[in-house]
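Student: sequence and predicted model, in that order:
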Amino acid sequence: MIKNKILEKSIWALWLGLLALPFMGKKAGILAIAILLVILLLPLLNGLIARFGISVSRLNFLSSSANWLKTNKKMALLILFSFAAILPLFMNRYFVDVAVLCGIYIVLALGLNVIVGLTGLLALGYIAFYAVGAYCYALLWTHYHINFWLALPIGTALAGVFGVLLGSPVLRLRGDYLAIVTLGFGEITRIVLNNWDELTRGPNGILGIARPSIGDFIIKQPIHYYYLILAFVVLTIFITTRLEHSRIGRAWVAIREDEVAAAACGVNVTLMKLLAFATGAAFAGLGGVFFAGKMIFVSPESFTFMESVMVLCMVVLGGMGSIPGVILGAIALIILPEALRQFQFYRLLMFGGAMALMMIIRPQGLIPSQRRKMELEEENG
Amino acid sequence: MKKSLIILCAFLIGGLISNCQQKKENLTKIGVCAPLTGDQAKMGNDILNGVKLAVEEWNTKGGILGQRIEIATGDDRHDPKEAISVAHKMVNEGVIGVIGHFNSSCSIPASFVYHDASIPQISPASTNPQLTSQGFKNVFRTCGRDDQQGSIGAEFVINELRKKRIAVLHDKTTYGQGLADEFKKNIGKSNRASIVAYEGIVQGSGDYKAVLTKLKSRRPEVVYFGGVYPEGGLLVKQMRELGMKAIFVSGDGVIDPEFLRIAGDAALGTFLSFGPSVKEIPHARHFIESYEEKYGEIGPYSVYAYDAANILLSSIQSAGSTDGEKISEAIHNIRHEGALGTIQFNANGDVLVAPYIFWVVKKIKTEDGKEKLNFVPYT
Amino acid sequence: MFLQQLINGLTVGSVYALIAIGYTMVYGILEFINFAHGEIYMLGAYLGIIAIGLLTAMGLGNSSAFLLLAFAFIFAMVFCAFYGVTIERLAYRPLRRAPRLAPLLSALGVSIFLQNFVMVTQGTRNKVFPQLFAQNGFDLGNAKITYIQIMILVTSILLMVGLTLFVNKTKMGKAMRATSQDQKMAYLVGIDVNRVISVTFLIGSALGAAAGVMVALYYGLVNFHIGYTAGLKAFTAAVLGGIGNIPGAMLGGIILGLVESLGAGYLSSEYKDAYAFIILVLLLIFRPQGILGERLKERS
């Protein structure tokens, strides 16, 4: 039995080595041996951990902390918030800058979560709304000198309007088709930004956007941006949580579960879907305006299809429909490549591998939505 | 199942801690920021190798201010937001100067960070005029500006080639379009030639026959291209496949041995603007020999990166300090004899004379009697 | 000029069609978008170059160009078929019962992984495909067609005819069609569904590899990130023809190639990438099932 297993594993290692052979030459042999060692030693390591009494299954700290959050909600939120508030005081500016990026992506991912996680509409061109927000502030400032705080509601609203405009013709499409059309819209947006030289200055991008300021105080250092984005994150979490538990949120979930049944129960499906698109897009617009204010330079390169994919990954990796999950997903996907920086060339190789591995090991996400979890368990049971 | 989470967390924490390392003493760090992975990784690594070569030479001569020089690399994946993160990381690691970034869209946002920390930044490749027109005293570039090269190209086509019908293509990047626009503007000033077509192409799409067929119907005598060598090679090859006989003219982004390999014999008779011939610059021969020995073929921006690093290091030497403002001042005053010729900077941080001449692709006999394509200075 | 654009479009279109078949076959059976398929095409292009390099190193570099090319095709197709099957086995099969976005993400992970695997092992430089054939061709009125273009068209047509015969005439083909109609039912009547899926990946990947070798030969230039754009375009082509439908993918690929060529030739080439998506968006709004597709049932 055990012999067979070892044999099977050796065959796998040999096979993978063979696949790598044309690309790696002789080094493929080393790779095969390395793979073999890893897959042979993995169960041993597992046993070692178990022997030391750290039962892996009991280290369910993420879910248990989520449960704890549920019972002591206010307290936990307060602790988390104060932790987030004092965090940058102990970090250097590089970490603070990465934290600011995390913040932007949390806002984006929570927005996309409304569309994908709650309403169940798979959107792949989400970054287009982010671009709308960013270019909105960039153009408003360079042409009309409209400041950050005024541009914020305008950009947010404009992105929301875009959401409705794009949403209305495509909403009768379902599932993957919707995904593909939104992907198309996203790419068209980027191509137009890159080619409409008169308005967007094409690939040169727009330079000379003003930094946000409060009175005479100009928001300039990463730490200033950190507190600004923290405020936006808190606002986003507040709004999305309230929405989720409102009548609208339940209508969204109903649509996700069964559109026909939802319509039969009196949910205005079209209106609700449009609302989901508008809400999600508006958060992206908010993030976009902030992004323009932080970078003080926007160019089409920031709004590629890969960005849409990254945001979607955050939502799925964290757990669709679960707000703490999505936040964790965003943080993980921003920090992981940064943490892997020291590996230089191997950084994205490891990132890609980790992503596939994560999905295989935990397809429901890091912190699955409670409601979804119950459904999944029912289905399996 | 949870195991993976633990591994993930350990991974993250481990990575962060190792990233936290404080700078060691007796080391002078300079930063190299460029796209080291992703679709422009080749260009980024060309730059990194150029800097590495310079640093190694300095280190064998005993380092700088009595300290060894170390390179801190920053991979921006040609993404503006990563460029800012990387810039903050550079500031954090206490680098004394930065060579980078590659793309103008990364150099510009990053320059705010370097300016705040008054760290000198020398870009070897960002040609967008906006970069040095911000009034920053610490920002320089060793490459030319798009507007400088474009006017030389236009003059060459009108006065040397004496052609009248000219088609302009660009690759829709800051560099390519900037170059093509300047070329077009200068052609427009003259009444001896006219633009018969002006088109953008999509970088990386590989198939340009559609747009070339369109150009063919306008019967141009010269096709001027603003862009880099992969597209340049494909364009000239596909032009000949379509039976177009127009002369292909382009800029320094196309001068790369790979251009010749991609285009093959189709490249014959192509004119390219670039720095002066190696034989006239004593330092260049040394650079080419040692670079090729260590890293293989030279990329178009390796030499700009090599000179940028040398300029930075000699300025640190002459400033006698690691203070950013003093170094920036020293760079402004430098007169550097490098592989690109003599480099001096104007008040903006642009090179004073962009020494461009035209090169032509010809077949030359190699030592073993075979014929080989190569770039030859045009006289 | 129109004839020339037609030739240009057909050449590119037949390459898109070959890649699109891989997307459509997988979608037809597993109903998920295999984002890593574009990378298979990229691997194919690299493997073609590696194969020729291998022969040259063995001293066979001077044998006939057709022989070299045939070896490159077989080498790339076999290895890519292995890659396709292995990826399915490792990254998709464990996820067959998972929430439906999970395999999509896993595929993206694989795609990033493969791209960087090639970058790390083969270097960041472009690879140049050795020139096996002269670039010349012959005139067709005032248009020109090169021998390589003819070869691409002929090879694509042969492969597509072969595939159609396989799907329609063989027992395995029948099993594939049955599985794509109803997986559970196919399983109940005794079809080895796992084997069918493996064969699907095998064939799709081999065709993608063939497309890769042909493109490498046609342009003479390969790098590790060509899979991304080509994959996106081919995927568009698959949807255009009606995803899940093999003749649809072929038609979609060719239409896409023509639209791009004519668009770039008569409108603006800057927007070349946008035409594909504009057509796609319009088509999906007015005829969501694609040109040859059937209306999909709603999926949970």
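Tutor: Now that the structure is in, tell me what you want to look at.
Student: quick check, the residue in the stretch 51-200 of chain C closest to chain B?
Tutor: C:T124 (3.9 Å; CB to the nearest CB). In this view, the C-beta of every residue, glycine as well, is placed from N, C-alpha and C.
Student: next up, phi/psi of that residue, please.
Tutor: For C:T124, the backbone dihedrals (degrees, to the nearest 10) come out as phi -90, psi -10.
Student: count of neighbours near it?
Tutor: C:T124 has 24 neighbouring residues, counting by other CB atoms under 10 Å in any protein chain shown.
Student: got the confidence number for it?
Tutor: In this prediction, C:T124 carries a pLDDT score of 76.
Student: how about it, what does it touch?
Tutor: Going by CB atoms under 8 Å, 6 or more residues apart in numbering or on different chains, C:T124 touches B:41-42, B:44-45, C:224.
Student: could you do B:S302 as well?
Tutor: B:46-47, B:49-50, B:291, B:295.
Student: out of these, flag the one nearest to C:G173.
Tutor: Among those, B:D46 lies closest to C:G173 (CB to CB), at 49.4 Å.
Student: my read: the closest one touches B:E297, true?
Tutor: No - contact between B:D46 and B:E297 fails when scored by CB atoms under 8 Å: they sit 9.1 Å apart.
Student: which of these two has more residues huddled nearby?
Tutor: Legend: neighbour count by other CB under 10 Å for B:D46 and B:E297, higher for B:D46 (27 against 13).
Student: okay, and that one sits in which element?
Tutor: helix B:41-60 (DSSP states H and E).
Student: and that helix, what other elements does it pack with?
Tutor: The helices and strands touching helix B:41-60, judged by 3 or more CB pairs under 8 Å, 6 or more residues apart in numbering or on different chains; DSSP states H and E, are strand B:27-34, strand B:68-75, strand B:97-100, helix B:282-295, helix B:302-319.
Student: and if we set it to 10 Å?
Tutor: Judged by 3 or more CB pairs under 10 Å, 6 or more residues apart in numbering or on different chains; DSSP states H and E, the packing partners of helix B:41-60 are strand B:27-34, strand B:68-75, strand B:97-100, helix B:282-295, helix B:302-319, helix C:102-122.
Student: deepest of those, which one?
Tutor: strand B:97-100 (a mean of 31; mean count of other CB atoms under 10 Å in any protein chain shown).
Student: and A:G163, how far is that from chain C?
Tutor: Separation of A:G163 from chain C (CB to the nearest CB, to the nearest Å): 16 Å.
Student: and what about that residue, helix, strand or coil?
Tutor: helix (DSSP: H, G, I helix; E, B strand; the rest coil).
Student: would you confirm that it contacts A:A282?
Tutor: Yes - in this structure, A:G163 is within contact of A:A282 by CB atoms under 10 Å, at 7.0 Å.
Student: what sits in contact with each of the two?
Tutor: A:111, A:129 (CB atoms under 10 Å, 6 or more residues apart in numbering or on different chains).
Student: the more surrounded of those two?
Tutor: Between A:G163 and A:A282, counted using other CB under 10 Å, A:G163 has the larger neighbour count: 29 against 25.
Student: what sits against the more buried one?
Tutor: Applying CB under 10 Å, 6+ apart, the residues near A:G163 are A:111, A:115, A:123, A:126, A:128-129, A:132, A:274-285.
Student: about what we covered before: list residues touching both of B:D46 and B:E297?
Tutor: With CB under 10 Å, 6+ apart as the test, B:D46 and B:E297 both reach B:256, B:291, C:125.
Student: just those now: which is nearest A:G186?
Tutor: A:G186 has its nearest neighbour among the shared contacts of B:D46 and B:E297 in C:R125, at 30.8 Å by CB to CB.
Student: are we agreed that that closest one is in a helix?
Tutor: No - C:R125 is assigned coil when assessed by three-state DSSP, not a helix.
Student: the residue of the stretch 51-200 of chain C closest to chain B and B:V228: what is the separation?
Tutor: For C:T124, the distance to B:V228 (CB to CB, to the nearest Å) stands at 14 Å.
Student: for C:I279, same thing?
Tutor: Distance from C:I279 to B:V228, by CB to CB: 30 Å.
Student: same deal with C:G9?
Tutor: 26 Å.
Student: one more: A:L349?
Tutor: From A:L349 to B:V228 the distance is 26 Å (CB to CB).
Student: so between the two, which is more surrounded?
Tutor: Comparing A:L349 with B:V228 by other CB under 10 Å, the one with more neighbours is B:V228, at 26 against 22.
Student: could the contacts of B:S302 be laid out in a markdown table, adding distance to A:G155?
Tutor: Shown next, in a markdown table, are the contacts of B:S302 (distance: CB to CB, whole Å):
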| residue | distance to A:G155 |
| --- | --- |
| B:D46 | 39 |
| B:I47 | 36 |
| B:N49 | 42 |
| B:G50 | 41 |
| B:Y291 | 48 |
| B:Y295 | 46 |
